[in-house]
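Asker: next one to model:
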Amino acid sequence: MHAELSSLRVAHVDCDAFYATIEKRDNPGLRDGPLVIGGGRRGVVAAACYVARRYGVRSAMPMFKARAACPQAVVVPPNMAKYQAVGREMRALMRAVTPLVEPLSIDEAFMDFRGAGGGGGGELPALQLARLALRAERELGITISIGLGPNKFLAKMASDLDKPRGFAVIGRDEARAFLASKPVGMIFGVGRAMREKLETDGIHRIGQLRGFPPAALEHRYGSFGERLAPFSRGVDRRSVKPSRPTKSISNETTFEDPIAAAGTLSARLERLCQRVGGRLESQGYRGQTVVLKLKTAGFQSLTRSHTLSEPTASAADIFVAAETLLRREATGVAFRLIGVGVSNLVEGRDDDAALWDGEVA
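Answerer: Numbers count the residues shown, from 1 in each chain. Below is the predicted model:
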């Protein structure tokens, strides 16, 4: 038994290969083989089962690359209505354990057992979580991986350690030693661009971040850099927030070299719109205001917006509005960043949304 098990109160729960697991549940003939959720020759992978992942198939990979990597995979188009329904059922199981549940996406959430928020009549959170995993498997036909720790950062880190069907624990006393040799890419929120920037600066391991003052990290890596110093020591003072209304959904990309060509900018914008549309649909939202964000080579930021007549989750509708805004600005100016977002969100699925119909670079 872990020495700190009785004092750990924050968990991260992540459904294993969620979309693919649901499809395998509903079609036992798919159970043992590689399965990819996606479609279309120019589409992208929405999800891949663990068998397909052994061949290198990953979410957001262009479908033509996925088919080349694993030609024997069965490809199933996404059924977002079904996934959302199971996601709501899973969320209900979590809230039956503790009302302090902070959703991150359709298939993962933080749970807080601190204070009066944790149920179970004094039962250890670890036991309640083990029972939750059993209920998810028996009642919903899915498996989950659980991370338990003293805070959100370590709980999230733990849940990624032993997938699928994992249950990992990271305590306070072991956190510094555990994190020291781990790659910086394991920090939640460090994407490819941030990881490459850290590694270019000679920072490859989490423990190396401890040699820099927090102010220096913030100056070099922006607002997220401020978190890197405490994260490197296993410290995270963020609380689990059970009600966190989503105000907007967006995606942006920074170019290695500034781009002035309108056609190239439009192509990059289309891919971003596809991602935003997919996120809207997967989270059960539609939005009415499309926002275009641009940053010039001289670091001047521009924001333009257009409000649609009706809310939508359609990537095509978002792109039409965003490209109209882009054409007014793409007059030969070189831009180093482009982004698109949708705000004025309402809950509800757009049945006409065209998901996964574009190619990701």
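
Asker: okay, buried residues for the helix or strand hosting Phe319 please.
Answerer: Under the criterion DSSP states H and E, the helix or strand holding Phe319 is helix 315-329. For helix 315-329, the neighbour count (16 or more other C-beta atoms under 10 Å) marks 315-319, 321-323, 325-326, 329 as buried. (Each C-beta comes from the backbone N, C-alpha and C, glycine too.)

Asker: now stretch 69-80
Answerer: So for stretch 69-80, counting by 16+ other C-beta under 10 Å, buried means 69-70, 73-76, 78, 80.

Asker: closest one to Gln208 out of the residues you listed, please.
Answerer: Gln208 lies nearest to Ala69 out of these, by C-beta to C-beta, at 33.3 Å.

Asker: in contact with that closest one, which residues?
Answerer: For Ala69, the contacting residues are 55-57, 61, by C-beta atoms under 8 Å, 6 or more residues apart in numbering.

Asker: let's see 6 Å
Answerer: For Ala69, the contacting residues are 55-57, by C-beta atoms under 6 Å, 6 or more residues apart in numbering.

Asker: tell me the confidence at it?
Answerer: For Ala69, the model assigns a pLDDT of 97.

Asker: and for Arg58?
Answerer: pLDDT at Arg58 comes out at 92.

Asker: let me know the angle separating the helix ranked longest in the chain from helix 315-329.
Answerer: Counting by DSSP state H, the longest helix found in the chain is helix 262-282. With axes from the mean of the first three to the mean of the last three C-alpha atoms, to 10 degrees applied, the angle from helix 262-282 to helix 315-329 works out at 150 degrees.

Asker: just the mean pLDDT for helix 262-282, thanks.
Answerer: Mean pLDDT, helix 262-282: 92.

Asker: can you tell me what sits against it?
Answerer: Contact with helix 262-282 is made by 80, 106, 249, 251, 259, 313, 315, 318-319, 322-323, 326, 330, 338, 340, 342, 353, 355, 358, 360, as judged by C-beta under 6 Å, 6+ apart.

Asker: tilt between the helix or strand following it and helix 262-282?
Answerer: The element immediately downstream of helix 262-282 (helix or strand, assigned by DSSP H and E) is strand 285-296. Counting by the same axes, to 10 degrees, strand 285-296 lies at 150 degrees to helix 262-282.

Asker: just the residues contacting strand 285-296, thanks.
Answerer: 301-308, 311-313, 318, 321-322, 325, 329, 333, 335-346, 348, 350.

Asker: please identify the pairing partners of it and their relative orientation?
Answerer: strand 301-312 (antiparallel), strand 335-347 (antiparallel) (DSSP bridges).

Asker: in the stretch 1-150 of the chain, which spans are strands?
Answerer: If DSSP state E, counting those that start in this stretch is used as the criterion, the strands of the stretch 1-150 of the chain fall at 10-15, 35-37, 47-48, 74-76, 101-105, 108-112, 144-149.

Asker: how many residues are close by Val340?
Answerer: 31 (other C-beta atoms under 10 Å).

Asker: any weak-confidence spans in this protein?
Answerer: 40-42, 115-122, 243-245, 348-361 (pLDDT under 70).

Asker: domains of it?
Answerer: 1-170, 175-232, 248-347 (automatic domain parsing).

Asker: quick one: closest of those domains to Ser239.
Answerer: Nearest of the domains of the chain (C-beta to C-beta): domain 1-170, 7.5 Å.

Asker: straight-line length of the closest one, end to end?
Answerer: Domain 1-170 has an end-to-end distance of 12 Å (criterion: C-alpha to C-alpha, to the nearest Å).

Asker: picking up where we left off before, what is the nearest of the buried residues of stretch 69-80 to Ala96?
Answerer: Nearest member of the buried residues of stretch 69-80 to Ala96, counting by C-beta to C-beta, is Met80, at 24.5 Å.

Asker: spit out the contact partners of that closest one.
Answerer: Each residue near Met80 by C-beta under 6 Å, 6+ apart is listed here: Glu281.

Asker: one more: Gly39?
Answerer: Neighbour list for Gly39: Pro77 [criterion: C-beta under 6 Å, 6+ apart].

Asker: quick one: the residue nearest to the spatial centre of the chain from Glu281, how far?
Answerer: Residue closest to the mean C-alpha point of the chain, counted by C-alpha atoms, centre = their mean, is Ser105 at 6.7 Å. As judged by C-beta to C-beta, to the nearest Å, Ser105 and Glu281 stand 12 Å apart.
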